[in-house]
Structures are given as structure tokens and as C-alpha cells.
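> sharing a model prediction with you, sequence too.
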Amino acid sequence: MSKTASPRTLGSDLARVDAHVVKPSEYKELPELTDEMLARATVKKGGRPRSANPRQLISLRLPPEVIARWRATGSGWQSRMAERLAKTPVPRAKTDL
């Protein structure tokens, strides 16, 4: 007998929160925003800081066995592959004489 997966939940009662209608009396509980409060406010941007040397996306076709061998090395295989490529000397371009 196979077991069906249960849907994931956030662990909160969002339906109850969505159904709540704010009453005029609840607005009285909120403090008035003053100029001093707004002056102390800071805006924080989310996410990572921008890299000085960001990586570039390219498309590269590799044989399946090469990809399988690198994937078999575990998590972080793409970074290890990039490090190995960075250490490998670049062959000179052939010139027609």
C-alpha cells in the first residue's frame, strides 16, 4: 500500500488571518507615526551583497559520463569543476602558416 504525501503547511492559521476584518476601534490601538519615528527608520535591502567579480552563465555541452563523474563527487561539484578549469593552462590557438 503506497502512502500519499500530505500537503505542506506553514504551521499557521492563514485562513483565520485572511478572514479578519480590521475594526475602527483597532485603529485606535496603533500609535501615530511621528516625524521622529520616520527619521529613525531604516530601509534594509534583502539578499546577498553584489559580488565584485560575478560569475557568468554560459552553455557548455559535455558528455553524460563526464557530468556523471563530477556529480558523483557530491555537493559542490560545479564549483570544484570551475576551480579545476581555472587551474588548467589554456592551450594556444592554432594559427595557419
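Structure received.

> C-alpha only now, for contacts and for neighbours.
Will do.

> elements contacting the longest helix along the chain?
With DSSP state H setting the assignment, residue counts place helix 77-87 as the longest helix in the chain. If you count contacts as 3 or more CA pairs under 8 Å, 6 or more residues apart in numbering; DSSP states H and E, helix 77-87 packs onto helix 64-71.

> chain center to the helix it packs on, what's the gap?
Helix 64-71 sits 25 Å away from the centroid of its parent chain (CA atoms, centre = their mean, to the nearest Å).

> show me what counts as buried in it.
Judged by neighbour count (16 or more other CA atoms under 10 Å), helix 64-71 contains no buried residues.

> now it and helix 77-87, what's the angle there?
Relative orientation of helix 64-71 versus helix 77-87 (axes from the mean of the first three to the mean of the last three CA atoms, to 10 degrees): 100 degrees.

> what lies in contact with the longest helix of the chain?
Helix 77-87 is contacted by residues 70, 71 when judged by CA atoms under 8 Å, 6 or more residues apart in numbering.

> give me the neighbour count for residue 72.
By the criterion of other CA atoms under 10 Å, residue 72 has 10 neighbours.

> from residue 41, how far out is it?
49 Å (CA to CA, to the nearest Å).

> what residue ranges in this protein score low on pLDDT?
Scanning the chain for pLDDT under 70 picks out 1-10, 96-97.

> the helices in it, which residues?
Going by DSSP H, the chain shows helices at 14-19, 24-27, 35-40, 64-71, 77-87.

> can I get those in CSV including distance to residue 94?
Below are the helices of the chain laid out as CSV (distance: least, CA to CA, whole Å):
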stretch, distance to residue 94
helix 14-19, 65
helix 24-27, 76
helix 35-40, 64
helix 64-71, 26
helix 77-87, 20
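
> mind checking which of those is nearest residue 53?
helix 77-87 (14.2 Å; CA to CA).

> thanks a lot, see you next time.
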